[in-house]
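>>> Give me coordinates for this.
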Amino acid sequence: MGDLTVKSFTDQAARHRFLASLLQDVEVLDIMLKRQLFEKTPIRIGAEQELAVTDNDFSPSGRSQEILDICSDEHVTSEIAQYNLEINLDPYVLEQHCFRQTEEQLQQLLAKVKKLAAKKQQKILLTGILPTINREHLNRSYMMPYDRYHLISDLMHQQRGSNFEIHIHGTDELIAHLDSVLFEACNTSFQLHLQIRADEFVDQHNWAQQISGPVLAGMVNSPLLLGRALWQETRIALFRQSLDTRTAFNHLRDKQARVFFGNHWLRNSVSMLFKENIARFPQIITKDDVEDSMKQLLAGQAPALRALRIHNGTVYNWNRPCYGRANNLAHLRIENRYIPSGPSVKDEIANFAFWVGLMKGMPEKHQDFYQREPFEAAKDNFYRAARTGLQTIFNWFGRTISAQKLILDELLPMAEAGLQSVKVDSADIGTYLGILEKRIRKGTTGAQWQLNNFNNLKQSFGADNSLKILTKGMYELQETGQALHEWPDQLHQKYHLTPSPENNVSQIMNTDLFTVQEEESLAMVKALMDWHSIRHMPIESKEGNLVGIVSAKYLDQFDEEQTVSIGEIMVTDIIYAEREQSISSCVHLMKTHKIGCLPVVREGKITGIITDTDLRSLGFG
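A predicted model of the protein is given here:
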């Protein structure tokens, strides 16, 4: 979440003052590393749970601030959008029942937030990307009203010098642009923290990078964005592009994106990670009360390193180094940022235990592996896993192996040994690793489950309605407390979503549209409508605005051999609806004007269409 009370630099002098504090913090960090002034034991774990907040119809709520306004628990905080929240969990010593304790606290806090959400007619969902997000939810009005979010968005947009662009190619393709960083709000993660001894940080960080691909492969849960099937873990591409301040020129000179995996193994010390980030990424925000870290160190205190932490909070390594202090003791952590939220609490804690077990269970034969192995293989594995999930084939220490076989045959035993080495309760190890094992053996990740059900639902309900049914199904299955491997495979046979007459028409409209431009020939339009059994064809201008419409019945009066464009004969007196209109008002419009279809328009552009056939099938005829 980060500090909400930050501000931008008022002038060059303010920037220089902050930079001086930042450089001093790095100097102090180096002194602390040299003097071994970091806590060595006990080792602790922690987590941050990001949440999606929906209305009762499972659309993004846009009102999560209302929940915060009645929540007095400091564990619950804001996120960038009005359809997100975050729960910060307490740290627990890595031993015995730490994962069970984490799960119990998460369940308790979730129950509290869900109860508050219900009072405001909202629901809480665990998902990597909320399937029902559409373009209107990326409007700046959905951003939380805190300086941090607006400042970072404005300053990054200023650095980029143009709108942020998203281009992701998977099964489908998505190309979009936005004048803010709100694409980031589509991402919902379960961020994991593991305390690392300073003298072990280089080895541990490199190992975290090495295992990232296989770990992610079994945990993917974000396949859909704006109704399109993209990567198995679309968050990885989306988050990177949503904060990318580079231009085409920057790409040519290999400038690093602000969200990144890395370009090489870590050498020497954790200090180099912070120094590289400072060198590569400009400082964009500051704070008034930045303490003198050298003065704190000389006074025998664990320094805050506030400037370093502020800057670090605007740089997004997938395995991010973190500095912290508690009870006047400084510590270092690795923050795992690539794991998605969901599909259930049990699955999340299983993922947590698996990752920590692997981190603590690195075999002796892999000690100093980064002296021999190419970094590019680990990086390639990570992005392969994001694209193809459990179907990924990895380059694992020079040999090719499937994700499923690698996890089951090698990594699960490794994780079990790692958890045993830090004395995690054996029953808890069996419970949580057992959940992950059953998921992997079944071969169904959260991403694959969503895609299978979405594709089945679309055959009967259309894309938009299917996204609502899918989201409803995920929510209700999460409420059962079952892990993913226990969820039914055929969601379309069990779950239905009957819209209320007062719901927005966007819930039932068809968005898979055929349109033509007004210059198109009459013959071509007739052919297209015949090929695809289309009864109504919207006509657009070159700018993409809706300018006319024709029906198959209307076109029957024209000879298709006539050499006229569709723009010459189209109906321009269009009866249309706005996305926010109720279904009942649209039914009234269609009956009053005796029309068989109603385009749904936003800012002059068609976003969907409903027909009398659609309405009858849903009981609104």
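>>> May I see the buried residues of the strand or helix carrying residue 16?
Here residue 16 sits within helix 12-35, counting by DSSP states H and E. Within helix 12-35, the residues that count as buried by 16 or more other Cβ atoms under 10 Å are 15, 18, 19, 21, 22, 24, 25, 26, 28, 29, 32, 33. All C-beta atoms are positioned from the backbone trio N, CA, C, and that covers glycine.
>>> Run through who's touching stretch 309-317.
2-3, 6, 22, 152, 239, 243, 258-262, 273-274, 277-278, 281, 283-287, 290, 320-323, 337 (Cβ atoms under 8 Å, 6 or more residues apart in numbering).
>>> Report how many residues lie close to the nearest residue to residue 381 once chain neighbours are set aside.
Counting by Cβ to Cβ, 6 or more residues apart in numbering, residue 381 lies nearest to residue 213, which is 3.0 Å off, once chain neighbours are set aside. Other residues near residue 213 come to 26 when the count uses other Cβ atoms under 10 Å.
>>> how big is the angle separating the host helix or strand of residue 213 from helix 12-35?
Following DSSP H and E, one finds residue 213 within helix 201-217. Helix 201-217 runs at 110 degrees relative to helix 12-35, counting by axes from the mean of the first three to the mean of the last three Cα atoms, to 10 degrees.
>>> For helix 201-217, output the C-alpha coordinates as PDB.
C-alpha atoms of helix 201-217 as PDB (Å, rounded to 0.1, in the frame of the first residue of the first chain):
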ATOM      1  CA  PHE A 201      20.800 -12.600   1.300                       C
ATOM      2  CA  VAL A 202      22.700 -13.000  -1.900                       C
ATOM      3  CA  ASP A 203      22.200 -16.800  -2.000                       C
ATOM      4  CA  GLN A 204      18.600 -16.500  -0.900                       C
ATOM      5  CA  HIS A 205      17.700 -13.800  -3.400                       C
ATOM      6  CA  ASN A 206      19.200 -15.700  -6.300                       C
ATOM      7  CA  TRP A 207      17.400 -18.800  -5.200                       C
ATOM      8  CA  ALA A 208      14.100 -16.900  -5.000                       C
ATOM      9  CA  GLN A 209      14.700 -15.800  -8.600                       C
ATOM     10  CA  GLN A 210      15.600 -19.400  -9.700                       C
ATOM     11  CA  ILE A 211      12.400 -20.900  -8.300                       C
ATOM     12  CA  SER A 212      10.000 -18.100  -9.400                       C
ATOM     13  CA  GLY A 213       9.000 -19.800 -12.700                       C
ATOM     14  CA  PRO A 214       8.100 -23.200 -11.200                       C
ATOM     15  CA  VAL A 215       6.400 -21.600  -8.200                       C
ATOM     16  CA  LEU A 216       4.200 -19.400 -10.400                       C
ATOM     17  CA  ALA A 217       3.300 -22.200 -12.800                       C
END
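>>> show me where pLDDT drops low in the stretch 351-500 of the chain?
For the stretch 351-500 of the chain, the stretches flagged by pLDDT under 70 are 491-499.
>>> how about the strands in it?
Assigned by DSSP state E, counting those that start in this stretch, the strands in the stretch 351-500 of the chain fall at 393-396, 399-402.
>>> Need those strands in JSON lines (columns: mean neighbour count and distance to residue 331).
Shown next, in JSON lines, are these (neighbours: other Cβ atoms under 10 Å; distance: least, Cβ to Cβ, whole Å):
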{"stretch": "strand 393-396", "mean neighbour count": "19", "distance to residue 331": "31"}
{"stretch": "strand 399-402", "mean neighbour count": "12", "distance to residue 331": "35"}
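>>> In the protein, what helix or strand scores lowest on average pLDDT?
The least trusted helix or strand in the chain, going by mean pLDDT, DSSP states H and E, turns out to be helix 248-252, with a mean of 49.
>>> what residues are up against the closest residue to residue 450 other than its chain neighbours?
Nearest residue to residue 450, sequence neighbours excluded (Cβ to Cβ, 6+ apart): residue 223, at 5.4 Å. Contacts for residue 223 (Cβ under 8 Å, 6+ apart) come out as 170, 229, 230, 231, 232, 233, 234, 447, 448, 450, 451.
>>> Tell me, how many residues neighbour the nearest residue to the first one once chain neighbours are set aside?
The spatially closest residue to residue 170, leaving aside those adjacent along the chain, is residue 230, at 3.7 Å (Cβ to Cβ, 6+ apart). Number of residues near residue 230 (other Cβ under 10 Å) recorded here: 23.
>>> thinking again about what came up before, packing partners of the helix holding residue 213?
strand 319-326, strand 329-336, helix 345-360, helix 375-388, strand 393-396 (3 or more Cβ pairs under 8 Å, 6 or more residues apart in numbering; DSSP states H and E).
>>> and the longest one, how far from the chain's centre?
Helix 345-360 has its C-alpha centroid displaced from the chain centroid by 19 Å (Cα atoms, centre = their mean, to the nearest Å).
>>> same for that helix, what does it pack against?
strand 44-55, helix 98-119, strand 190-196, helix 201-217, helix 412-421, helix 426-442.
>>> Try it again at 10 Å.
Here helix 345-360 touches strand 44-55, helix 98-119, strand 190-196, helix 201-217, strand 329-336, helix 412-421, helix 426-442, helix 463-480, going by 3 or more Cβ pairs under 10 Å, 6 or more residues apart in numbering; DSSP states H and E.
>>> wait, what's in contact with the nearest residue to residue 475 once chain neighbours are set aside?
Distance criterion Cβ to Cβ, 6+ apart; nearest residue to residue 475, sequence neighbours excluded, is residue 125 at 5.3 Å. Residue 125 makes contact with 51-54, 58, 83, 114, 131-132, 188, 341-343, 471-472, 474-475, 478-479, according to Cβ atoms under 10 Å, 6 or more residues apart in numbering.
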